[in-house]
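*Asks:* Prediction below, plus the sequence it came from.
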Amino acid sequence: MVSKCANPECSAKFRYLRQGQLFQIESRAPPELEAGAGGRRSPLQFFWLCDECAAEMTLVFRKDSGVVTQPLIRARGTES
C-alpha cells in the first residue's frame, strides 16, 4: 500500500490520486527474495511521488538497489 512519497528525503503523505504521480513498476527480484508468505510475490509494485518531488525526479528500478529516485533530465532552455 502506498502511504508516503517514495522519495526517502520527503515526508509527504499520500492522500489523493490527483496529487503527485503514481508509478507502477515491474521488478524482477531474485527467486530467493520473491517467495512471500503465500508463495510467489507479484512483480508489480506501486509507488507515488508527491507534486514537488515529481516535478524534479522520477522513479527507476535497478537490479542492484531496487526502486530509486532519479533526477529528471531537462531539455535545454526550459530551466527556470
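*Replies:* Received it, and whenever you're ready, just let me know what you need. All of these numbers come straight from a predicted model, not from anything done at the bench.

*Asks:* what about residue 23, helix or strand, and which?
*Replies:* For residue 23, the element it lies in under DSSP states H and E is strand 21-26.

*Asks:* who touches the most centrally placed residue in the chain in this structure?
*Replies:* Centroid-nearest residue in the chain, with Cα atoms, centre = their mean: residue 47, separated by 4.0 Å. When contacts are counted by Cβ atoms under 8 Å, 6 or more residues apart in numbering, residue 47 touches 2, 6, 22-23, 25, 59, 67. For the C-beta atoms, the positions are set from N, CA and C on the backbone; glycine is no exception.

*Asks:* Which stretches in the protein count as helices?
*Replies:* 31-34, 51-54 (DSSP state H).

*Asks:* where does this structure have low pLDDT?
*Replies:* 27-42, 75-80 (pLDDT under 70).

*Asks:* Okay, strands next: where are they in it?
*Replies:* 21-26, 35-36, 39-40, 44-49, 57-62, 66-71 (DSSP state E).

*Asks:* which residues touch the nearest residue to residue 50 once chain neighbours are set aside?
*Replies:* Distances taken as Cβ to Cβ, 6 or more residues apart in numbering put residue 12 closest to residue 50, at 3.7 Å, once the chain neighbours are dropped. Residue 12 sits next to 4-5, 20, 50, 52-53 when contact means Cβ under 8 Å, 6+ apart.

*Asks:* Looking at those residues, which one is closest to residue 71?
*Replies:* residue 53 (10.6 Å; Cβ to Cβ).

*Asks:* In contact with residue 24, which residues?
*Replies:* By Cβ under 8 Å, 6+ apart, the contact list for residue 24 reads 44-46.

*Asks:* out of these, which one sits closest to residue 16?
*Replies:* Of all those, residue 46 has the smallest distance to residue 16: 14.6 Å, by Cβ to Cβ.

*Asks:* if I look at the closest one, how far off is residue 1?
*Replies:* In this view, residue 46 and residue 1 are 8 Å apart by Cβ to Cβ, to the nearest Å.
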